[in-house]
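Asker: pasting a predicted model and its sequence here:
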Amino acid sequence: VFYYQARQWIIKVIIRLICAPFYYVRFADFFLGDQFMSISYIFTVIEILFCAEFYSFKNMEKKRKVKKKKKKKN
């Protein structure tokens, strides 16, 4: 998919991200780390969306109300 040099560069940056506490962080490392953190939030939202679609949104609302009632009783 990528050129060989581009693959080498991205692998090198990911390794530097993993080793960030021990080595100097450059702009590319910081930028890609920020991008990865932004993507991680999207994955959690997508997971919730798939669960809501699978169980249908109406049932999700009913389940949420039931859970709130249980918490109030305790």
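Answerer: Yes, it's here.

Asker: going forward, measure contacts and count neighbours with C-alpha atoms only.
Answerer: Fine.

Asker: all strands of the protein, in order?
Answerer: Remark: strands of the chain are absent; assignment by DSSP state E.

Asker: packing partners for the top helix by length along it?
Answerer: Among the segments of the chain that qualify as a helix by DSSP state H, the longest is helix 27-55. If you count contacts as 3 or more Cα pairs under 8 Å, 6 or more residues apart in numbering; DSSP states H and E, helix 27-55 packs onto helix 4-18.

Asker: what angle sits between the longest helix of the chain and helix 4-18?
Answerer: Here helix 27-55 runs at an angle of 80 degrees relative to helix 4-18 (axes from the mean of the first three to the mean of the last three Cα atoms, to 10 degrees).

Asker: and helix 27-55, what's buried?
Answerer: 29, 33 (16 or more other Cα atoms under 10 Å).

Asker: any idea how far it is from the chain center?
Answerer: 3 Å (Cα atoms, centre = their mean, to the nearest Å).

Asker: got it, and stretch 9-25?
Answerer: 19 Å.

Asker: now that stretch: mean pLDDT?
Answerer: The pLDDT scores in stretch 9-25 average 88.

Asker: now the residue nearest the centre of the chain: how far from F50?
Answerer: Centroid-nearest residue in the chain, with Cα atoms, centre = their mean: S40, separated by 1.4 Å. Distance, S40 to F50, by Cα to Cα, to the nearest Å: 16 Å.

Asker: ditto for G33
Answerer: 26 Å.

Asker: so in the chain, where's the weakest helix or strand by average pLDDT?
Answerer: Scoring the helices and strands of the chain by mean pLDDT, DSSP states H and E places helix 57-73 at the bottom, with a mean of 62.

Asker: residues near L17, how many?
Answerer: By other Cα atoms under 10 Å, the residues close to L17 number 20.

Asker: isn't it up against G33?
Answerer: Yes. The criterion here is Cα atoms under 8 Å, and L17 meets it with G33 at 6.7 Å.

Asker: contacts for stretch 20-31, please.
Answerer: 13-14, 16-17 (Cα atoms under 8 Å, 6 or more residues apart in numbering).
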